[in-house]
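1. Predicted structure and sequence below. I'll ask about it afterward.
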Amino acid sequence: KTAALTKQNMLSDELQLLRSRHLSIIESKKRLTKLIEDDKAQIQAHKNRLLEFEVSTSEIEDAKARVEREQKKLKELEATIDHSVKEKLQNKENELKELDNRASELNDEMNRLSKQSDSSAKLYEECIESVQSIIGKKPTKKDLERELLTFKREREKNIHDLKALRNQANNEASAADGKIGVARHHISVRKREIEKHQATIRAACGDTEFMEALAQNEKAIEDIKEQLANIRGAELIYGKFFERAQNSKCCPLCTRSFNEDVENDAFQGKLQTIMQRIPEQRERLNNKLKTNEDKRIRLRAAQGSYIKLETLNKDIANLEKNLGEFEKEKENASNRADVASAELIEIENYTSKIDNMLKTAEEITRLLKECNALQRDISELENELNFMGSTRTMADCQKDMEEISMKSQAVRRDIKRLHDDIDLSRRQIQAVENNIRDFRENLLNCQHKLDFKVGVEMQLKEYEENLKEHIEELKKIEKDIFPLEAQVEETAAAHENAMGEWRIAEENIVAEQNIFMRYIERLDELNRRISRDEATSGSAKLESAMEQCTELQKLIDRLKSQITETTDRINALEKDESERRGIERDLQDQIKYREMQAELATCENELRELEEKQGSTDVSALTEQLQKAQDEETNLIDKRGSIRGELVQMRDQIRRYETELSNDYADVDGRYGQLFLDVKTKELAVSDLDKYNIDYIEIRADNEGSAANRTFNYRVVMFQNGSELNMRGRCSAGQKVLASIIIRLALAETFCINCGIFTLDEPTTNLDRENIESLAESLARLISRKRTQRNFQFVIITHDEEFVEYLSRYDITGQQYRIKKDAYQHSTIIAESNQ
């Protein structure tokens with residue numbers, strides 16, 4: 001036995017080792033097959049990419065030659081420009097400026113006497129009717145400005161009161177809206193809870209009313225328990241009756257003796273029949289009791305949901321009542337806000353009209369003051385002329401004005417001719433520079449394609465070498481796997497044979513051991529009996545025992561002969577049975593053969609149908625799909641182990657999260673309600689901020705002093721709901737950035753005529769996402785409108801990749817440059833495609 005076990009263990013270890021090597025080789029084969037397929041796919045992909053980057057050195061040389069030709073042409077054009085033209089243009093512009101100044105002085109001198117009084121009267125006549133319709137009376141020129149200011153202050157006070165009333169109504173409406181939202185949210189939450197509790201109750205009691213189902217269940221359990229108690233009492237009584245009938249053979253009720261045993265046996269049989277039915281009835285009632293108790297457990301578990309459901313229904317009724325009150329409150333507040341807004345709009349319209357009239361009144365007052373001052377000057381000049389005399393008249397001023405006008409027209413014609421010459425030269429230079437830029441971009445693209453092509457070829461060569469190595473390794477593995485499989489099969493067969501031999505040997509040894517043990521036990525028993533008999537009865541007893549042994553030996557011989565005969569009969573029966581089993585197997589094989597013939601005929605018919613359909617089926621596509629499915633199956637098998645580990649981790653996380661839900665999130669509903677109120681309050685605050693945000697901005701130039709000594713003060717103002725406020729000290733950092741960009745654009749549009757280069761450095765500083773996107777859209781519209789202008793160039797310097805992406809969407813970026821640092825920390829400028 002020990003030798004067989006040792007041999008078996010050796011064969012098992014060898015078989016396990018061979019199988020491990022076999023599985024390792026198979027896995028290596030699969031891995032190499034997959035690597036070969038990946039290498040082939042990569043090789044094909046790199047070949048396809050090489051087709052996309054077809055470029056030669058001759059194309060690069062041609063591009064370089066075109067760039068050099070255009071640069072040479074640009075130098076020739078720049079050399080041909082007459083730099084003296086700019087000096088002539090500057091001189092002409094200075095001369096024109098002097099003439100314009102002289103003309104302006106003459107105009108002031110000619111119109112000084114009549115202009116101011118005429119303008120004042122005209123403005124007064126245009127304004128007085130509107131003023132009378134608004135303030136209800138007709139003031140004089142001196143009192144016009146003062147009356148308008150008084151009326152404006154009264155209306156501004158009314159506007160302030162109406163705004164306060166409107167804001168109060170809006171706040172009440174917003175508060176009511178918030179309450180409505182909270183009430184609706186609570187109603188929806190409670191309705192979802194009602195549905196959940198109704199589902200729980202429906203699962204427990206079905207369509208029956210809950211309390212009725214609970215009462216029926218309790219009554220059924222009490223009835224079943226009473227029946228079980230009756231059955232236990234009946235079983236105890238019947239047992240006592242049966243025991244008394246067996247012992248005393250009389251009736252247990254009347255203690256009458258049975259006349260015959262047959263009557264007693266009939267009575268006992270009837271009792272046994274009744275008692276045999278009791279366990280079945282008790283089992284049936286116990287099952288029924290268990291079912292009802294399980295139902296009672298479910299019903300009691302759902303009783304909390306029923307109580308919660310009743311509470312939720314009452315809460316929903318109260319919430320719906322409150323919701324109606326909140327909606328009425330919101331409607332009243334909205335109506336008051338609408339009335340106040342209508343009155344406010346009407347008064348603001350009056351205020352805007354008064355502002356316009358006030359400007360006119362200010363102009364009238366200023367002109368009136370200037371007229372008075374000029375009148376005094378005229379009186380003084382007339383007095384001086386009376387004493388000194390003068391040769392200059394109005395006709396002389398008009399004659400000088402005509403001469404200056406003719407000279408000014410001639411100078412303007414010369415300036416226009418010089419501008420046309422300069423524009424023509426600039427257009428030619430711009431066209432050549434555009435060609436140079438396009439040729440350089442083409443050259444860079446060709447060089448990039450060539451570099452990429454070299455890199456792809458190197459990668460392709462590397463993949464081809466890897467493919468060769470993998471194919472050689474696969475051939476080597478396929479060469480080693482066949483003898484290893486034969487060795488595995490041979491070792492497995494040897495292991496099975498050793499196992500069979502060990503089992504047979506073990507069975508034989510156990511059988512012999514059992515026989516020997518029985519012989520030993522019997523011999524010991526006989527020795528004990530002999531010793532006991534010798535001690536009790538002596539030789540007579542021994543002789544009697546010997547005779548018994550002789551008889552027993554004869555009996556043994558006779559039994560052995562019977563056993564032999566019985567064994568022969570058993571062998572004959574086993575032989576007959578084996579023949580019958582063989583016949584049965586033949587019949588089953590025949591049945592199975594006929595079934596397989598029928599299935600074969602069906603399969604042949606299906607095969608013919610499939611072969612007919614095969615002509616219209618894309619076999620290559622199906623093969624490709626099969627390959628993809630096999631690859632996916634392999635990947636999924638590989639991922640299954642990791643997913644199972646993740647499932648274990650997820651179960652641990654679920655248990656941990658459930659613990660957290662029961663501990664940390666026990667009062668999550670109350671906290672959620674508080675947070676919901678906070679969020680709603682912040683939303684209302686944000687909506688208020690949106691209402692009072694800046695609508696637009698303006699640049700105001702306020703003039704001060706008289707006409708002869710007039711100064712201008714520039715300031716930036718913002719408008720909120722029609723009200724004008726200075727921006728200084730009232731705007732955020734992002735609003736300052738946007739305002740500065742807008743002001744610079746306006747100044748560049750106004751003053752930068754010849755030099756049309758506009759640069760923005762980090763324009764998105766302190767701007768949020770919406771303002772960044774709006775700025776990009778505005779710049780796109782500006783560039784699209786000005787891109788056809790000959791003297792327009794726009795430069796943007798930014799670190800904001802998102803801002804660059806927004807600009808790229810509108811297809812307005814001509815060229816993009818990126819500044820990077822190389823390995824030596826040197827800054828390099830790289831031209832990038834605008835894609």
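-> Sure thing, it's come through. Numbers count the residues shown, from 1 in each chain.
2. need the contact list for the closest residue to residue 816 other than its chain neighbours.
-> Nearest residue to residue 816, sequence neighbours excluded (C-beta to C-beta, 6 or more residues apart in numbering): residue 832, at 4.5 Å. Using the backbone N, CA and C atoms, a C-beta is placed for each residue, glycine as well. Going by C-beta atoms under 8 Å, 6 or more residues apart in numbering, residue 832 touches 816-818.
3. now swap in residue 765 and tell me
-> Per C-beta under 8 Å, 6+ apart, neighbours of residue 765: 733, 737.
4. can we see that at 6 Å?
-> residue 737 (C-beta atoms under 6 Å, 6 or more residues apart in numbering).
5. What distance do you get for it to residue 543?
-> Relative to residue 543, residue 765 is positioned 132 Å away (criterion: C-beta to C-beta, to the nearest Å).
6. same check, this time on residue 181
-> 118 Å.
7. Neighbour count for these two, which is higher?
-> residue 181 (16 against 11; other C-beta atoms under 10 Å).
8. Residues contacting the helix or strand harbouring residue 74, please?
-> Assigned by DSSP states H and E, residue 74 falls within helix 57-80. Helix 57-80 is contacted from outside by 428-429, 432, 435-436, 439-440, 442-443, 446, using C-beta under 6 Å, 6+ apart.
9. could you dump stretch 547-565 to CSV, C-alpha only?
-> Once non-C-alpha atoms are left out, stretch 547-565 reads as follows in CSV (Å, rounded to 0.1, in the frame of the first residue of the first chain):
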residue,chain,number,x,y,z
GLU,A,547,-19.9,-33.5,19.1
GLN,A,548,-21.6,-30.1,18.6
CYS,A,549,-18.5,-29.0,16.7
THR,A,550,-18.8,-32.0,14.5
GLU,A,551,-22.4,-31.3,13.8
LEU,A,552,-21.6,-27.6,13.2
GLN,A,553,-18.8,-28.6,10.8
LYS,A,554,-21.3,-30.7,8.9
LEU,A,555,-23.7,-27.8,9.0
ILE,A,556,-21.0,-25.6,7.7
ASP,A,557,-20.2,-28.0,4.8
ARG,A,558,-23.9,-28.2,4.0
LEU,A,559,-24.2,-24.4,4.1
LYS,A,560,-21.1,-24.0,1.9
SER,A,561,-22.6,-26.3,-0.7
GLN,A,562,-25.8,-24.2,-0.5
ILE,A,563,-23.7,-21.1,-0.8
THR,A,564,-21.9,-22.5,-3.9
GLU,A,565,-25.3,-23.3,-5.5
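10. low pLDDT regions in the stretch 701-835 of the chain?
-> Per-residue confidence for the stretch 701-835 of the chain (pLDDT under 70) gives these ranges: 702-712, 753, 833-835.
11. Distance from the lengthiest helix in the chain to the middle of the chain?
-> The residue-count maximum for a helix in the chain (DSSP state H) belongs to helix 394-536. For helix 394-536, the separation from the chain centroid amounts to 26 Å (computed by C-alpha atoms, centre = their mean, to the nearest Å).
12. and that helix with helix 57-80, angle?
-> Helix 394-536 and helix 57-80 are oriented at 150 degrees to each other (axes from the mean of the first three to the mean of the last three C-alpha atoms, to 10 degrees).
13. immediately after helix 394-536, which helix or strand?
-> Downstream of helix 394-536, the first helix or strand assigned by DSSP H and E is helix 538-614.
14. Domain ranges for the protein, per the record?
-> Residue ranges for the domains of the chain, per the TED database: 1-99+394-526, 143-387, 668-752, 754-834.
15. thinking again about what came up before, show me which positions of the helix holding residue 74 end up buried.
-> Neighbour-count burial for helix 57-80, counted by 16 or more other C-beta atoms under 10 Å, picks out 60, 63, 66-67, 70-71, 73-74.
16. Show me where this structure has its strands.
-> 696-704, 711-720, 723-726, 757-761, 793-797, 816-821, 827-832 (DSSP state E).
17. any idea how far residue 300 lies from residue 309?
-> The gap separating residue 300 from residue 309 is 15 Å, by C-beta to C-beta.
18. same thing with residue 36?
-> Relative to residue 309, and taking C-beta to C-beta, residue 36 is found at 66 Å.
19. Of those two, which one has the most company?
-> residue 309 (21 against 18).
20. Mind listing what's buried along stretch 768-784?
-> 772, 775-776, 779-780, 782-783.
21. cool, stretch 284-292 as well?
-> 285, 288-289, 292.
22. what does stretch 798-815 give?
-> Buried, per 16+ other C-beta under 10 Å, within stretch 798-815: 800, 803-804, 806-807, 812-813.
23. Can you show me the CA trace of that stretch as PDB?
-> Taking C-alpha atoms only, stretch 798-815 is exported to PDB below (Å, rounded to 0.1, in the frame of the first residue of the first chain):
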ATOM      1  CA  THR A 798      -2.800  85.300 -23.200                       C
ATOM      2  CA  HIS A 799      -2.200  82.200 -21.100                       C
ATOM      3  CA  ASP A 800      -5.900  81.200 -21.200                       C
ATOM      4  CA  GLU A 801      -6.200  78.100 -23.400                       C
ATOM      5  CA  GLU A 802     -10.000  78.200 -23.000                       C
ATOM      6  CA  PHE A 803     -10.100  81.800 -24.400                       C
ATOM      7  CA  VAL A 804      -8.000  80.700 -27.400                       C
ATOM      8  CA  GLU A 805     -10.400  77.800 -28.000                       C
ATOM      9  CA  TYR A 806     -13.400  80.200 -28.000                       C
ATOM     10  CA  LEU A 807     -11.700  82.500 -30.500                       C
ATOM     11  CA  SER A 808     -10.800  79.400 -32.700                       C
ATOM     12  CA  ARG A 809     -14.500  78.500 -33.000                       C
ATOM     13  CA  TYR A 810     -15.200  81.700 -34.900                       C
ATOM     14  CA  ASP A 811     -12.400  81.100 -37.500                       C
ATOM     15  CA  ILE A 812     -10.800  84.500 -37.000                       C
ATOM     16  CA  THR A 813      -7.200  83.600 -35.800                       C
ATOM     17  CA  GLY A 814      -4.800  84.200 -38.600                       C
ATOM     18  CA  GLN A 815      -1.700  82.800 -36.900                       C
END
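24. can you list contacts of it?
-> Contacts of stretch 798-815 (C-beta under 6 Å, 6+ apart): 762, 764, 772-773, 776, 780, 783, 834.
25. how about the nearest residue to residue 183, chain neighbours excluded?
-> Nearest residue to residue 183, sequence neighbours excluded (C-beta to C-beta, 6+ apart): residue 323, at 4.5 Å.
26. Count the neighbours of that neighbour for me.
-> If we define neighbours as other C-beta under 10 Å, then residue 323 has 18 of them.
27. same thing with residue 296?
-> Residue 296: 17 neighbours (other C-beta under 10 Å).
28. who's in contact with it?
-> residue 217.
29. Please tell me how far it sits from residue 302.
-> According to C-beta to C-beta, residue 296 stands 11 Å off from residue 302.
30. Got the confidence number for residue 578?
-> pLDDT for residue 578: 67.
31. Residue 659 now?
-> For residue 659, pLDDT reads 79.
32. cool, and the one 10 residues further on?
-> Reading off the per-residue confidence, residue 669 sits at a pLDDT of 78.
33. Neighbours of it, how many?
-> 11.
34. next one: the one 4 residues further on
-> Applying other C-beta under 10 Å, we find 14 other residues in the vicinity of residue 673.
35. so who does it touch?
-> Taking C-beta under 6 Å, 6+ apart as the test, residue 673 contacts no residue whatsoever.
36. Fine, thanks again, bye for now.
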